[in-house]
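*Asks:* below is the sequence, then the predicted model.
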Amino acid sequence: MRVLGLSMPLVKPGDDLGKLIVRASEQAGGLRDGDVIVVTSKVVATAQGRVRELARVRPSARARKLATQADLEPEFVALVLREGGRVVRAAKGVILTLKGGVLCANAGVDSSNAPLGHVVLMPTKPDRAAGELRQAIARRTNARVGVIIVDSNVKPLRLGTVGQTIGVAGLEPVVDCRGQHDLYGKPLRLTFRALADQLATAAQLVMGEAAERVPVVIVREVGVELAERPRHSPKISPKRCIYFNGLKLSKKY
């Protein structure tokens with residue numbers, strides 16, 4: 001497997017992201033059948049115009065109260081609440097939310113790698129955005145590829161961020177290992193491999209989190225199963241989640 005980072009100019013609202021990716025792919029000899037394109041959620045959202053100026057936001061009373069609890073700017077919290085989803089917990093510096101079936105900090109509202117005084121929201125309909133990006137790349141290259149939109153996430157009781165897929169198109173994101181046998185011949189009964197999340201984390205090794213300016217990665221020679229209509233989704237309901245099921249959610253938010 002090869003993980004090839006692509007340096008790119010700063011993406012602006014309204015940019016043709018597919019065109020920029022194809023142009024940047026020349027750094028890796030162009031795109032090939034079987035490549036998986038991993039793209040940060042930040043550049044997808046920016047190209048969609050999902051950039052907001054905090055000074056233009058008018059926070060509600062609820063946002064001001066929650067901002068005090070979380071020690072965050074009221075304008076920032078107002079955008080978190082506007083983005084929808086459920087507030088699970090509030091702690092100093094962060095609001096844990098359940099948005100679109102994904103647990104994430106601050107409903108994906110993020111000030112890092114955003115212009116001063118601005119924040120970037122999560123992409124709209126990330127699965128659809130991944131599909132549209134895949135089609136745009138195919139029109140320009142005729143390459144059959146997969147696309148993953150990745151965001152940073154933290155895992156329970158672990159320090160630091162890893163990659164998490166929020167949008168996927170053109171590949172099977174989850175591999176069902178049930179029925180396969182382990183080294184001692186015992187059949188696996190519960191195991192699924194979160195393939196898209198594994199590729200997302202591998203890509204983030206190259207992308208970084210600061211000023212690296214590598215928002216797109218080509219994962220090559222990985223042998224993934226490309227699929228027009230994947231059989232599985234990386235998302236599961238809270239009732240099936242070993243961390244989330246049984247969690248007593250606070251009603252104070």
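*Replies:* That came in fine, so what should we check first? Numbers count the residues shown, from 1 in each chain.

*Asks:* quick one, longest helix in the chain?
*Replies:* Taking DSSP state H as the criterion, the chain has its longest helix at helix 126-141.

*Asks:* elements contacting that one?
*Replies:* Judged by 3 or more CB pairs under 8 Å, 6 or more residues apart in numbering; DSSP states H and E, the packing partners of helix 126-141 are helix 17-24, strand 36-40, helix 41-47, strand 146-154, strand 161-169. Just so you know, the C-beta spots here come from the backbone N, C-alpha and C atoms, and that holds for glycine as well.

*Asks:* what do you get if the cut-off is 7 Å, keeping everything else the same?
*Replies:* Helices and strands touching helix 126-141, by 3 or more CB pairs under 7 Å, 6 or more residues apart in numbering; DSSP states H and E, are helix 17-24, strand 146-154, strand 161-169.

*Asks:* paired strands for the second one, with orientation please.
*Replies:* In the sheet containing strand 146-154, the strands it pairs with under DSSP bridges are strand 36-40 (parallel), strand 161-169 (antiparallel).

*Asks:* what about those, which gets the closest to Val217?
*Replies:* With distances scored as CB to CB, the stretch of the strands paired with strand 146-154 nearest to Val217 is strand 36-40 (4.5 Å).

*Asks:* tell me where the protein has strands.
*Replies:* Using DSSP state E, the strands of the chain run over residues 2-6, 36-40, 51-53, 86-91, 94-99, 102-105, 118-120, 146-154, 161-169, 175-176, 192-193, 216-220.

*Asks:* for burial, what's the neighbour tally of Lys235?
*Replies:* 15 (other CB atoms under 10 Å).

*Asks:* what does Gly101 give?
*Replies:* 13.

*Asks:* what does His118 give?
*Replies:* His118 has 13 neighbours, counted by other CB under 10 Å.

*Asks:* how confident was the prediction at it?
*Replies:* Listed pLDDT for His118 reads 96.

*Asks:* rewinding a little: could I get the helices and strands packed on helix 126-141 in CSV, plus columns for distance to Val219 and mean pLDDT?
*Replies:* Below are the helices and strands packed on helix 126-141 laid out as CSV (distance: least, CB to CB, whole Å; pLDDT from 0 to 100):
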stretch, distance to Val219, mean pLDDT
helix 17-24, 14, 96
strand 146-154, 8, 93
strand 161-169, 11, 93
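
*Asks:* hmm, who's touching stretch 156-172?
*Replies:* Residues from elsewhere that reach stretch 156-172 (CB atoms under 7 Å, 6 or more residues apart in numbering): 36, 41, 102, 123, 126-127, 129-131, 134, 145-155, 173, 195-197, 200-201, 203-204, 209, 224-227, 230-232, 234, 243.

*Asks:* derive a PyMOL selection command for the buried subset of the residues you listed.
*Replies:* In PyMOL, this line selects whichever of those come out buried by 16 or more other CB atoms under 10 Å:
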select buried, resi 36+41+102+123+126+127+129+130+131+134+145+146+147+148+149+150+151+152+153+154+173+195+196+197+200+201+203+204+224+230+232+234
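
*Asks:* now do Glu75 against Thr124, distance only.
*Replies:* 21 Å (CB to CB, to the nearest Å).

*Asks:* which one's more surrounded, the two?
*Replies:* Comparing Glu75 with Thr124 by other CB under 10 Å, the one with more neighbours is Glu75, at 20 against 12.

*Asks:* which ones are touching that one?
*Replies:* The contact partners of Glu75, taken as CB under 7 Å, 6+ apart, are 54, 57, 59.
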